[in-house]
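# when you get a sec, could you give me coordinates for this:
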Amino acid sequence: MNKNYPHIFFFSQTLNKIIFCLIFTFLILKKAKTQQFNNWYFPSFSGITFNTIPPTFIQGGQISQNRSCATISDKKGSLLFYTDGVRVWNKNNQLMPNGTGLFGDYAQTNSGLILPVIGDTSLYYVFTADGTLFSPYGTKGYNYSIVDMKLNVGLGDVTIKNQFLYGPSAEKLSAIPHANGNDVWLITKDQAKSFFSFKISCTGVNPLPIVSMVGSDLTPNPDPLFVGDIKASPNGKFICMTMQQKNYFEIYEFNNSTGVLSNPKKFNLKSA
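Residues are numbered from 1 along each chain as shown. Prediction:
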């Protein structure tokens with residue numbers, strides 16, 4: 001791979017490779033002052049915590065399916081809650097009130113993403129993407145819900161659920177810090193040739209995204225071909241999109257001031 005581009009990690013559904021990827025992510029983030037990434041729950045009822053040296057396995061996780069997961073802790077590293085994009089569990093591994101029926105999907109790559117609400121330390125967004133493996137192919141689209149950690153004796157409650165952004169979705173969901181150091185970009189992909197960058201600030205999620213028509217057209221003809229991850233480089237300057245069924249990935253330059261993606265580079269992979 002060209003040295004100017006970030007390393008791309010692909011992981012299968014096997015637990016060992018998931019753990020490897022998570023450990024690598026932690027090493028990238030270890031210099032950060034916040035400890036909000038210190039706990040991870042992932043499929044097969046498994047988890048890992050980086051609050052110990054070395055990291056240790058944690059039991060009790062409730063995610064049973066084999067793909068989507070997202071976890072958030074507080075700034076001291078204490079677990080708050082986690083999700084599979086459809087359900088939300090609190091730190092005691094119990095379903096939150098109103099914590100079912102989110103519009104993610106168990107069987108897709110980027111079903112759930114948790115972000116703190118800017119300016120309120122007790123509120124969190126849970127962004128979700130509908131699945132694309134089975135008909136009708138992500139028609140519920142991209143949505144977000146809000147968890148309020150002040151409720152339910154500090155265990156949290158889903159107070160707002162399934163606020164629609166747009167659809168259909170192509171199971172591509174990631175976030176990148178804004179260049180101003182305060183705001184965040186939510187990056188999504190449609191089922192054609194456009195990326196949508198939603199700016200999240202102290203006033204909430206801007207419903208009018210920055211649209212970048214760039215890279216490969218994902219229009220299904222006739223089958224859905226959306227399976228694959230989307231991730232940003234640690235410096236927020238590049239975005240990578242993988243396409244599992246087509247055996248390729250693309251890297252784009254990302255302007256974290258404007259939210260625009262550009263200059264796609266396509267890399268074909270050899271079949272196993």
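# please report how far the residue nearest to N268 when sequence neighbours are not counted lies from I200.
Spatial nearest neighbour of N268, excluding adjacent residues (C-beta to C-beta, 6 or more residues apart in numbering): Y248 at 4.9 Å. C-beta coordinates here come from the backbone N, C-alpha and C atoms, glycine included. Separation of Y248 from I200 (C-beta to C-beta, to the nearest Å): 30 Å.
# of those two, who's got more company?
I200 (22 against 15; other C-beta atoms under 10 Å).
# partners of that one in the sheet?
V184, V205 (DSSP bridges).
# just checking, it touches I118?
Yes: counting by C-beta atoms under 8 Å, I200 touches I118, with 6.6 Å between them.
# which neighbours do those two have in common?
Both I200 and I118 are in contact with 183-184, where contact means C-beta atoms under 8 Å, 6 or more residues apart in numbering.
# ramachandran angles for the residue most central in space within the chain?
For the chain, the residue nearest the mean C-alpha position is L113 (3.8 Å; C-alpha atoms, centre = their mean). Note on L113: its backbone torsions stand at phi -150, psi 130 [degrees, to the nearest 10].
# how far away is it from M213?
From L113 across to M213, the span is 23 Å (C-beta to C-beta).
# can you check F127 too?
Taking C-beta to C-beta, one finds F127 at 22 Å from M213.
# neighbour count winner among the two?
Neighbours per residue, other C-beta under 10 Å: of F127 and M213, the larger number sits with F127, 29 against 11.
# which residues touch that one?
112-115, 142-144, 173, 175, 186.
# taking the mean pLDDT, what do you get for the host helix or strand of N162?
According to DSSP states H and E, N162 maps onto strand 157-166. Mean pLDDT, strand 157-166: 97.
# show me what counts as buried in it.
By neighbour count on 16 or more other C-beta atoms under 10 Å, the buried set for strand 157-166 is 157-158, 161-163, 165.
# which stretches of the stretch 1-150 of the chain form strands?
39-42, 46-49, 56-57, 70-73, 79-83, 88-90, 112-116, 123-129, 142-148 (DSSP state E, counting those that start in this stretch).
# tabulate these (JSON lines), appending distance to D190 and mean pLDDT.
Shown next, in JSON lines, are those (distance: least, C-beta to C-beta, whole Å; pLDDT from 0 to 100):
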{"stretch": "strand 39-42", "distance to D190": "27", "mean pLDDT": "84"}
{"stretch": "strand 46-49", "distance to D190": "33", "mean pLDDT": "86"}
{"stretch": "strand 56-57", "distance to D190": "38", "mean pLDDT": "90"}
{"stretch": "strand 70-73", "distance to D190": "21", "mean pLDDT": "91"}
{"stretch": "strand 79-83", "distance to D190": "23", "mean pLDDT": "94"}
{"stretch": "strand 88-90", "distance to D190": "26", "mean pLDDT": "95"}
{"stretch": "strand 112-116", "distance to D190": "17", "mean pLDDT": "93"}
{"stretch": "strand 123-129", "distance to D190": "11", "mean pLDDT": "96"}
{"stretch": "strand 142-148", "distance to D190": "9", "mean pLDDT": "97"}
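# looking at the ones you listed, spot the one closest to K231.
Evaluated with C-beta to C-beta, the strands of the stretch 1-150 of the chain place strand 112-116 nearest to K231, the distance being 11.4 Å.
# just give me how far the closest one sits from the chain centre.
Distance of strand 112-116 from its chain centroid, counting by C-alpha atoms, centre = their mean, to the nearest Å, is 7 Å.
# strand partners (parallel or antiparallel) of the strand holding N162?
strand 142-148 (antiparallel).
# most neighbours, which of the contacts of F127?
Ranked by the number of neighbours (other C-beta under 10 Å), these place Y142 first, at 31 neighbours.
# for that one, give me its contacts.
Per C-beta under 8 Å, 6+ apart, neighbours of Y142: 127-130, 164-167, 169, 173, 188.
# how about G236?
Applying C-beta under 8 Å, 6+ apart to G236 gives the contacts 176-177, 179, 254, 256.
# identify the bridge partners of the residue nearest to the centre of the chain.
Under the criterion used (DSSP bridges), L113 bridges to F127.
# pretty sure it contacts A70?
Yes: judged on C-beta under 8 Å, L113 makes contact with A70 at a distance of 5.6 Å.
# understood, closing this out.
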